[in-house]
Every structure is written in C-alpha cells, then in structure tokens.
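In: turn this into a structure:
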Amino acid sequence: MQKFLRAYTPSENISPITNHSINQSINHIDLSLQTKTPATSPAKKFSFTEMDLAMAKEMFARIQKLNPNHKQPNFEAWANDIRLLGERDGKSHPEIIELFEWANQDRFWQANILSPRKLREKWDVLVLQRNRQAKPRGDNLSMEWNTVEAWENVL
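Out: Presented below is the predicted three-dimensional model:
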C-alpha cells in the first residue's frame, strides 16, 4: 500500500504514460460526435386565408381608433389566430366579428381584448358577459320594494 501511495503523491511530478502528448489528445475532437445545430432556426410559418388576414387588419384598425399609438402587430400571427378560432373552436367569421365588435365597444373589454389570441382565450367569458347585458332582468325586486304599494300590507 505504501508503494501505491508513494508512487502517486502530489509532490512528485509524474507525467501520464501515453503514446502522444496530452495536448494532442485535448485538441483532437471527434467532430462526428458533436450534434449539429442549424445556424438559424426555421421561421414559424402560419396558415390562414385572405379573409382571416383582412379580419386581422380590420381588428387592428378598430383598436387603433381607441389607441392611435397601439403597436402594429404581426398580422400573419393574428390571421393565424383567427383561423384557429374557426378551425379548432368552430366559430364562423360573422361570429368572430360580432363578438369582437361587442368587446371593442364595452368599456371594460375594449382595454383587454387587444388581439385575436386574447379574443380566443376569453371567448366564453365574453359570450356570457354579452348575454348577461342583452337580457333584461325579469325580477325587478328592487323596484318593487321601493314603492308604497309594496309596503302597504307589511306595516
């Protein structure tokens, strides 16, 4: 055991036993083992129709009426989101236009629905909100309790 420790103590300057120098081993790299990565990643491609693109541009024009300084979007991405509303979510172009117009006129939602992606994300909430506002309340309890007739039999 002492021979083993003695042979590999740090105080001694022992060089490795090889057929070539360490520097040659380090500098020799097998390039076939390296994974190749492309210099540029392929651009994301979108799929959409001319109608989808026209709707995206119209949506932006309506948003710009509210905020003239709104940053111009990537219209291809917007058109792709409109396509997804139709293909994946089963919404027609007239339905998309109608709900966006409603959201664009609503005081709260006009500041929150600023892209087709957000329209798609909030679709169900928007429909419920729109339907709630469209229905007149059938129970006018507050109005009934504020009349003299409502209190006549109570007191």
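In: where do the helices of the chain begin and end?
Out: Assigned by DSSP state H, the helices in the chain fall at 2-7, 22-27, 50-66, 75-87, 93-105, 116-121, 123-134, 141-145, 148-152.
In: name the residues of the fifth one that are buried.
Out: So that's helix 93-105. Ile96, Leu99, Phe100, Trp102, Ala103, Asn104 (16 or more other Cβ atoms under 10 Å). In short, each C-beta sits where N, CA and C put it, glycine included.
In: let's have these in JSON lines, adding pLDDT and distance to Pro136.
Out: Shown next, in JSON lines, are those (pLDDT from 0 to 100; distance: Cβ to Cβ, whole Å):
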{"residue": "Ile96", "pLDDT": "98", "distance to Pro136": "26"}
{"residue": "Leu99", "pLDDT": "98", "distance to Pro136": "21"}
{"residue": "Phe100", "pLDDT": "98", "distance to Pro136": "24"}
{"residue": "Trp102", "pLDDT": "98", "distance to Pro136": "17"}
{"residue": "Ala103", "pLDDT": "98", "distance to Pro136": "21"}
{"residue": "Asn104", "pLDDT": "98", "distance to Pro136": "23"}
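In: between those residues, which is closest to Leu84?
Out: Nearest to Leu84 among the buried residues of helix 93-105, counting by Cβ to Cβ, is Ile96 at 10.7 Å.
In: for the nearest residue to the closest one once chain neighbours are set aside, which residues are in contact?
Out: Leaving aside its chain neighbours, Ile96 sits nearest to Leu85 (5.5 Å; criterion: Cβ to Cβ, 6 or more residues apart in numbering). By Cβ atoms under 8 Å, 6 or more residues apart in numbering, Leu85 lies in contact with Lys91, Ile96, Pro116, Leu119, Arg120, Trp123.
In: how about Arg117?
Out: So Arg117 contacts Ala77, Trp78, Asp81 (Cβ under 8 Å, 6+ apart).
In: neighbours of Pro136, how many?
Out: 6 (other Cβ atoms under 10 Å).
In: distance-wise, check Gln110 relative to Lys45.
Out: 31 Å (Cβ to Cβ, to the nearest Å).
In: give me the more crowded residue out of these two.
Out: Ranked by neighbour count (other Cβ under 10 Å), Gln110 and Lys45 place Gln110 first, with 17 against 7.
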